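Chemist: this one's structure only:
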Ligand code: GDD
């Protein structure tokens, strides 16, 4: 019998990579999708005949219970959230509903339907916020700096609590920033790679950015979904930091991305104070030695390789878009 997995947030960057990973491993893959007036399935169109999508919503408890009853998964990966940090200041309550209470709703559904289901919670390095030490590991205290970070802290602890209260095999993956050509264009890496391609190909002149001094531990999303799966294959549940152990500034990211296509970033980047955040996470760098020790996880893609991969992909996409427009009458 095939193992069955249910992914919430399957239409997002990580959902698409995880679905591919699980399909390669012989899983039957189910995805939870929320009805929206504009459907966004571009990251999973190529998988449409291999996965089954179901409508349910993290805000609707009964829809999750019914979904888990219908699918009866062996593993649930909770990747759905309001995941863009700046939006969490504009919609703090909605962020709390999805990103914090949504986790409890999935855990409650598991407890009710079948407590033997294994559960993965997408926790975040944003929980470390104003970092207490460097690098950050599973023991580092949290000090979140946004309503999003606060909501993720709740999601982390409710996962730990359901493990301790009910013996559920619940794991919290504390993932540092992870990027790819499938990243949404609102996040800084993809905003930069998309703008570099558009500037290089003559569609745009300037790129407006916020804090160039912020430092992040950026890895490749395709590497990080392997760690999610590995966590659920262990004998015991636990919490794991997933990171590269290297950090770079937004300025370095910009420099690398522009120079990859032979441009000088200083000719194009404009700092826009409107893009500064009310409270910033200045620096993040993770220590993934527990993941390495317990299940041998290592990232395969380096930061320069990641930046090049993203710029190359956007160059190709923008070129195709331009060619398509020229074909139109
Ligand atoms: N988005 C964005 N846009 N960020 C900018 C910009 C800009 O124009 N200019 C500078 N930055 C800085 C932000 O201030 C932040 O310090 C850094 O770039 C990274 O921003 P994002 O790419 O938006 O990611 P994030 O670190 O806030 O959050 C991401 O990573 C978390 C894990 O640490 C998201 O994926 C979260 O969902 C995730 O939990």
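Modeler: Cool, the structure landed. In this text, all values refer to a predicted model and were calculated from it rather than measured experimentally.
Chemist: now the strands for the stretch 51-200 of the chain?
Modeler: Taking DSSP state E, counting those that start in this stretch, the strands of the stretch 51-200 of the chain run over residues 51-55, 75-78, 118-124, 170-175, 178-179.
Chemist: Quick one: residues contacting residue 54.
Modeler: Going by CB atoms under 8 Å, 6 or more residues apart in numbering, residue 54 touches 30-33, 67, 70-71. Every residue, glycine included, has its C-beta placed from N, CA and C.
Chemist: any idea how far residue 120 is from it?
Modeler: In this structure, residue 54 and residue 120 are 18 Å apart, going by CB to CB, to the nearest Å.
Chemist: same check, this time on residue 325
Modeler: Counting by CB to CB, the gap from residue 325 to residue 120 is 41 Å.
Chemist: May I ask which of the contacts of residue 54 has the most neighbours?
Modeler: residue 32 (28 neighbours; other CB atoms under 10 Å).
Chemist: which SS class is that one?
Modeler: Under the three-state scheme (DSSP: H, G, I helix; E, B strand; the rest coil), residue 32 adopts strand.
Chemist: I'd say it and residue 11 touch.
Modeler: No. Under the criterion of CB atoms under 8 Å, residue 32 makes no contact with residue 11, lying 9.5 Å away.
Chemist: Quick one: residues contacting the nearest residue to residue 309 once chain neighbours are set aside.
Modeler: Among residues not flanking residue 309 along the chain, residue 181 sits closest, at 6.6 Å (CB to CB, 6 or more residues apart in numbering). By CB under 8 Å, 6+ apart, residue 181 lies in contact with 190, 193, 309-310, 313-314.
Chemist: how close does residue 181 sit to residue 307?
Modeler: Taking CB to CB, one finds residue 181 at 11 Å from residue 307.
Chemist: for residue 153, same thing?
Modeler: Taken as CB to CB, the span from residue 153 to residue 307 is 30 Å.
Chemist: which one of these two has more residues nearby?
Modeler: residue 307 (25 against 20).
Chemist: rewinding a little: which neighbours do residue 181 and residue 307 share?
Modeler: Listed contacts common to residue 181 and residue 307 are residue 193; contacts here mean CB under 8 Å, 6+ apart.
Chemist: if we can go back for a sec, what's the farthest-apart pair in the contacts of residue 181?
Modeler: Pairwise distances among these were taken by CB to CB; the largest, 11.5 Å, belongs to 190 and 309.
Chemist: quick one, which of these two is more surrounded?
Modeler: The residue with more neighbours, out of residue 190 and residue 309, is residue 190; 20 against 17, by other CB under 10 Å.
Chemist: For residue 72, see how far away the more buried one is.
Modeler: The gap separating residue 190 from residue 72 is 36 Å, by CB to CB.
Chemist: Stretch 12-21 near the ligand anywhere?
Modeler: No. Figure legend: stretch 12-21 not in contact with the ligand (CB under 6 Å from any ligand atom); closest approach 8.5 Å.
Chemist: got it, and stretch 118-138?
Modeler: Yes. Stretch 118-138 reaches the ligand (CB under 6 Å from any ligand atom) through 124-126.
Chemist: Most proximal residue of the stretch 51-200 of the chain with respect to the ligand?
Modeler: At 3.1 Å from the ligand, residue 124 is the closest residue in the stretch 51-200 of the chain, using CB to the nearest ligand atom.
Chemist: Quick check: the residue nearest to that residue when sequence neighbours are not counted vs residue 96, distance?
Modeler: Nearest residue to residue 124, sequence neighbours excluded (CB to CB, 6+ apart): residue 152, at 4.6 Å. Distance, residue 152 to residue 96, by CB to CB: 10 Å.
Chemist: Just want to know which of the two has more residues nearby.
Modeler: More neighbours surround residue 152 than the other of residue 152 and residue 96, with 30 against 18 (other CB under 10 Å).
Chemist: my read: the more buried one touches residue 121, true?
Modeler: No. Look at residue 152 against residue 121 with CB under 8 Å: they stay out of range, at 9.1 Å.
Chemist: And residue 249, its phi and psi?
Modeler: phi -90, psi 160 (degrees, to the nearest 10).
Chemist: Is it in contact with residue 213, as I believe?
Modeler: Yes. Under the criterion of CB under 8 Å, residue 249 makes contact with residue 213 at 5.9 Å.
Chemist: neighbour-wise, which of those two wins?
Modeler: Neighbour count, other CB under 10 Å: between residue 249 and residue 213, residue 249 has more, with 16 against 11.
Chemist: any idea how far the closest residue to the more buried one other than its chain neighbours lies from residue 257?
Modeler: In this structure, residue 249 finds its nearest non-sequential neighbour in residue 215, 5.0 Å apart by CB to CB, 6+ apart. The gap separating residue 215 from residue 257 is 16 Å, by CB to CB.
Chemist: ok, the two, which is more surrounded?
Modeler: Neighbours were counted for residue 215 and for residue 257 using other CB under 10 Å; residue 257 has more, 24 against 17.
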